[in-house]
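Asks: This is a predicted model, with the sequence first.
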Amino acid sequence: MDEYRFLQKLTRARSLDLLGSVRLGRLVFTSQSAPVIRPVNHLVEGDTLIVRATAGAAITAAVGRTGATVAYEADSIDEATQLGWSVIVAGTARLLGDELAAARYRLRLRPWVSGSADDVITITMDTVTGYAMVAGEPAAGPPAAGAPAAAERTSWASAAGARRG
């Protein structure tokens with residue numbers, strides 16, 4: 001790829017807006033002492049992420065009665081330009097005990113597979129981290145119109161290297 005790329009850190013508000021603009025994400029949790037990732041659909045309400053689970057799902061067992069620490073990631077990346085955004089949430093997942101609220105979410109979150117998907121799980125969004133992957137000018141040159149100053153951006157190559165190392 002010949003074009004210069006960089007990561008632009010997003011504000012919490014912008015990250016939540018983007019998270020609310022898509023319906024698919026990946027829920028990361030621990031089941032039987034191993035990390036597990038499941039694609040799920042979601043809703044965003046304020047600082048809460050809501051997902052629906054099938055009866056007996058691994059996430060339901062992981063959450064149990066006391067809750068579980070989870071991560072959630074959603075993104076929108078154009079395959080042709082390789083530009084887009086990614087938002088990662090860390091928080092606590094809990095089974096929703098309020099049956100009236102759960103019924104309302106069941107109407108709004110359509111299950112992907114047949115069967116009982118009656119468990120509604122809420123996730124507190126304690127930490128929200130978002131980045132936009134954007135094209136621009138090298139940090140040594142003038143920033144592209146609308147691009148953040150060098151101090152506000154992370155080189156695509158250095159950010160990718162940091163994730164690997």
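Replies: Cool, the structure landed.

Asks: what sits against the most centrally placed residue in the chain?
Replies: Relative to the mean C-alpha position of the chain, the nearest C-alpha, by C-alpha atoms, centre = their mean, is the one of Glu73, at 2.5 Å. The contact partners of Glu73, taken as C-beta atoms under 8 Å, 6 or more residues apart in numbering, are 25-26, 28, 86-89. C-beta: built from backbone N, CA, C; applies to glycine.

Asks: which among those end up buried?
Replies: Among the contacts of Glu73, those scoring as buried are 25, 28, 86-89 (criterion: 16 or more other C-beta atoms under 10 Å).

Asks: If you average the pLDDT over whichever strand or helix holds Leu107, what comes out?
Replies: Using DSSP states H and E, Leu107 maps to helix 99-108. For helix 99-108, mean pLDDT rounds to 92.

Asks: do the same with stretch 71-88
Replies: pLDDT averaged over stretch 71-88 gives 95.

Asks: in that stretch, what's buried?
Replies: Buried residues in stretch 71-88, counted by 16+ other C-beta under 10 Å: 71-75, 85-88.

Asks: For those residues, work out which two are farthest apart.
Replies: Spatial extent of those (C-beta to C-beta) is set by the pair Ala71 and Trp85 at 16.7 Å.

Asks: my guess is Arg23 meets Val44, correct?
Replies: No: counting by C-beta atoms under 8 Å, Arg23 does not reach Val44; the two are 9.9 Å apart.

Asks: tell me the helices in this protein, going along the chain?
Replies: 12-20, 58-63, 99-108, 156-164 (DSSP state H).

Asks: Can you say which of those is nearest to Gln32?
Replies: helix 58-63 (8.2 Å).

Asks: What are the buried residues along the closest one?
Replies: 58-60, 62-63.

Asks: Off-centre distance for it?
Replies: Centroid separation for helix 58-63 versus its chain: 19 Å, with C-alpha atoms, centre = their mean, to the nearest Å.

Asks: what helices or strands is that helix leaning on?
Replies: Packed against helix 58-63 by the contact rule (3 or more C-beta pairs under 8 Å, 6 or more residues apart in numbering; DSSP states H and E) you find strand 24-31, strand 34-45, strand 48-53, strand 84-95, strand 119-124.

Asks: re the thing from before, now, which of the buried residues of helix 58-63 sits nearest Ala102?
Replies: So of the buried residues of helix 58-63, ranked by how close each gets to Ala102 (C-beta to C-beta), first place is Thr60, at 12.9 Å.
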